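**Student:** Quick one, structure for this:
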Amino acid sequence: MSKEFTRAHRVAEVIHHALAEIIQQEIPSTSFGMITVSQVKLSASLDHARIYVTILNDDKENIKKALDLLEENTKHLRYLLSKKIVLRITPQLKFYYDTSLTHAIKLTALIDEALESDKKLHEEEPKSS
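**Tutor:** Presented below is the predicted three-dimensional model:
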């Protein structure tokens with residue numbers, strides 16, 4: 001039986017919480033809104049981390065600005081992360097925009113639209129006695 005939660009998963013959770021706090025304190029939320037860390041995926045060797053983020057104002061231009069800002073500050077964020085958590089090697093950080101929230105919102109809107117349409121259809125049907 002394999003382990004459900006590997007060391008990489010546990011370390012990823014610690015990095016997630018630490019990096020979320022660091023980004024909130026260190027990265028100015030300018031015109032694109034607040035940056036939120038939604039997920040951290042860590043390689044098995046613990047030397048590379050994919051950081052998935054969301055932002056409040058999620059149009060394409062703001063997403064690019066936010067990711068560019070994070071990439072510009074990667075060295076500094078990595079340094080602060082190394083001070084916050086103790087690991088033999090602080091992983092290289094790579095930032096990605098997390099589209100799962102956007103997809104969930106679109107799916108919810110489609111479901112609501114379908115339910116409303118179905119409700120109207122049933123209200124318009126003549127009731128047979």
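**Student:** Tell me if I'm right that Val53 and Leu93 touch.
**Tutor:** No - with contacts counted by Cβ atoms under 8 Å, Val53 stays clear of Leu93, the gap being 10.9 Å. (Each C-beta comes from the backbone N, C-alpha and C, glycine too.)
**Student:** Give me the contacts around the longest helix belonging to the chain.
**Tutor:** For the chain, the longest helix by residue count, based on DSSP state H, is helix 100-124. The contact list for helix 100-124 (Cβ atoms under 8 Å, 6 or more residues apart in numbering) reads 38, 54, 58.
**Student:** Narrow those to those that are buried.
**Tutor:** Neighbour counting with 16 or more other Cβ atoms under 10 Å marks 54, 58 as buried within the contacts of helix 100-124.
**Student:** so can I have JSON lines of the contacts of helix 100-124 showing secondary structure, distance to His103 and pLDDT?
**Tutor:** Formatted as JSON lines, those follow (DSSP: H, G, I helix; E, B strand; the rest coil; distance: Cβ to Cβ, whole Å; pLDDT from 0 to 100):
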{"residue": "Ser38", "secondary structure": "strand", "distance to His103": "12", "pLDDT": "92"}
{"residue": "Thr54", "secondary structure": "strand", "distance to His103": "12", "pLDDT": "89"}
{"residue": "Asp58", "secondary structure": "coil", "distance to His103": "12", "pLDDT": "73"}
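**Student:** What count of nearby residues applies to Asp47?
**Tutor:** 13 (other Cβ atoms under 10 Å).
**Student:** Hmm, Lys94 and Ala49 touching each other?
**Tutor:** Yes - at 7.1 Å, Ala49 counts as touching Lys94 under the criterion of Cβ under 8 Å.
**Student:** okay, these two: which has more neighbours?
**Tutor:** Ala49 (23 against 13).
**Student:** So which elements touch whatever helix or strand the more buried one lives in?
**Tutor:** Per DSSP states H and E: Ala49 is located in strand 48-55. Applying 3 or more Cβ pairs under 8 Å, 6 or more residues apart in numbering; DSSP states H and E, one finds that strand 48-55 contacts helix 7-26, strand 35-42, helix 60-72, strand 92-97.
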